[in-house]
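[1] Have a look; sequence and predicted model below, questions after that.
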Amino acid sequence: MEEVTAKGRFIRISPQKVRMLVGAVKGRPVEDALNSLKFMPQKAAGIVEKIMRSAVANADQKADIDVDSLIVKNLLVDQGPSYKRWRARARGRVGKIIKRTSHITVVLADTPV
């Protein structure tokens, strides 16, 4: 079974928000997964869809992989570095703002026929 990966790194969205979508697309055929992601209202759905299309394009470059028979084998969402910002609060204090980032990895595999 041949595998193809695509990675999106330092994506400006919280990993917790992306992980909500993992169960909806993991283990499904790529065509079904892309169709379901297209109609999801979350920002993360568009990001994952773009990375998944990149993985399909990577698979298209390999001669021995049939693009139509690909399934989503794995979808990993890891936490990237957090940007730390400060916001002025009352009485001279500061409030901490943490802008989280994600590393998203899509692994596609062709189904054995």
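    Nice, I can see it.

[2] Name the surrounding residues that touch the host helix or strand of Lys17.
    For Lys17, the element it lies in under DSSP states H and E is helix 15-19. The contact list for helix 15-19 (C-beta atoms under 8 Å, 6 or more residues apart in numbering) reads 11, 42-44, 47-48, 77-80, 100, 102, 104. Where C-beta positions appear, they are placed from N, C-alpha and C, glycine not excepted.

[3] Narrow those residues to those in helices?
    Lys43, Ala44, Ile47, Val48 (DSSP state H).

[4] Distance of the third one relative to Thr111?
    Pointing back at Ile47 there. 26 Å (C-beta to C-beta, to the nearest Å).

[5] and those two? which has more neighbours close in?
    Ile47 (20 against 12; other C-beta atoms under 10 Å).

[6] That one against Ile104, yeah?
    Yes: the pair Ile47 and Ile104 qualifies as a contact (C-beta atoms under 8 Å) at a distance of 6.9 Å.

[7] Report the set of residues contacting both of these two.
    With C-beta under 8 Å, 6+ apart, Ile47 and Ile104 have common neighbours Gly8, Ile11, Val18.

[8] how about the residues you listed in JSON lines, adding distance to Asp60?
    As requested, the shared contacts of Ile47 and Ile104 are exported to JSON lines (distance: C-beta to C-beta, whole Å):
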{"residue": "Gly8", "distance to Asp60": "18"}
{"residue": "Ile11", "distance to Asp60": "23"}
{"residue": "Val18", "distance to Asp60": "25"}
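
[9] Please tell me which one of those residues counts the most neighbours.
    In these, the most neighbours by other C-beta under 10 Å go to Val18, 24 neighbours.
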